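> coords please:
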Amino acid sequence: MVASSSGGLKTQSGKVLSIRGSVVECCFNSILPEIGRVLETRSDARVVVEVLQHVSNDRVRGIALTPTRGLKRGQE
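I've put the predicted structure just below:
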């Protein structure tokens, strides 16, 4: 998953840890994206997730705003 800055530059990159229906957890090595930030996948099947919670120092939980079909664990 990639968090985009307001200028459109991609600044943060993370991996999908789990998918439970429309709830998606992602892990980031760097700074966590802010709550309310939109994350997008880098694959052909575009999945958009809004960050709702910081679960730990490296993990966020969000809600998918598009269908999660094709999204898998470990995907960036």
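> Which helix or which strand is home to the closest residue to Gly62 other than its chain neighbours?
By the measure of CB to CB, 6 or more residues apart in numbering, the closest residue to Gly62 outside its immediate chain neighbours is Val49, 4.1 Å from it. Backbone N, C-alpha and C define where each C-beta goes, glycine included. Per DSSP states H and E: Val49 is located in strand 48-54.
> isn't the residue nearest to Gly62 right up against Val24?
Yes. Here Val49 lies in contact with Val24, judged by CB atoms under 8 Å, at a distance of 4.9 Å.
> Neighbour count: the two, which is higher?
Under the criterion of other CB atoms under 10 Å, the comparison of Val49 against Val24 puts Val49 first, with 29 against 25.
> Okay, now the unreliable bits of the chain?
Along the chain, segments meeting pLDDT under 70 span 4-11.
> Show me where it has its strands.
Counting by DSSP state E, the chain forms strands over residues 2-4, 10-20, 23-28, 38-40, 48-54, 59-64, given from the N-terminal end onward.
> Next, the angle from the last one to strand 48-54.
Following axes from the mean of the first three to the mean of the last three CA atoms, to 10 degrees, one obtains 140 degrees for the angle between strand 59-64 and strand 48-54.
> buried residues in strand 59-64?
Within strand 59-64, the residues that count as buried by 16 or more other CB atoms under 10 Å are Arg59, Val60, Arg61, Gly62, Ala64.
> who are the neighbours of it, in terms of helices and strands?
Strand 59-64 is packed against strand 23-28, strand 48-54, with contacts defined by 3 or more CB pairs under 8 Å, 6 or more residues apart in numbering; DSSP states H and E.
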